[in-house]
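Here is my input; please provide its structure:
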Amino acid sequence: YWARVQSIINSHWEPPPVDMAEQTYMMIVKFRLQRDGVINDVVVQQSSGNAYFDIAGQRAVLRPRVLPVFPADITEPHQDLSMVFTIGK
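From the prediction side, this is the model:
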């Protein structure tokens, strides 16, 4: 299930054209995934230092709008998750 969720979000990842100049950009997006697949509370947990890159990471999480519902073996009402987005070296 989690690999599928990550794959769906990654399919919406469109990093902005940034001048890499031998740099690596990494940011972390934190969000809450509800049992019914609804995504809430999307925030930048760790900024890359580049606003456009950070917005692109948030957009990748928000774009699917709804993810698959939890399988029966996940009984919690929600999961707090983080996704890391990186480009560079």
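
Can you tell me the SS state at G57?
In the three-state summary, G57 is assigned as helix, counting by DSSP: H, G, I helix; E, B strand; the rest coil.

scratch that, Q6
Strictly by three-state DSSP, Q6 counts as helix.

Repeat that for P71.
Under three-state DSSP, P71 falls in the coil class.

Give me the neighbour count for it.
Residues near P71, counting by other C-beta atoms under 10 Å, number 8. The C-beta positions use only the backbone N, C-alpha and C, and glycine is treated the same way.

My guess is it contacts V5. True?
No. Taking C-beta atoms under 8 Å as the definition, P71 is not a contact partner of V5, at 10.9 Å.

low-scoring pLDDT stretches of this protein, where are they?
Low-confidence segments of the chain, defined by pLDDT under 70: 18-21, 89.
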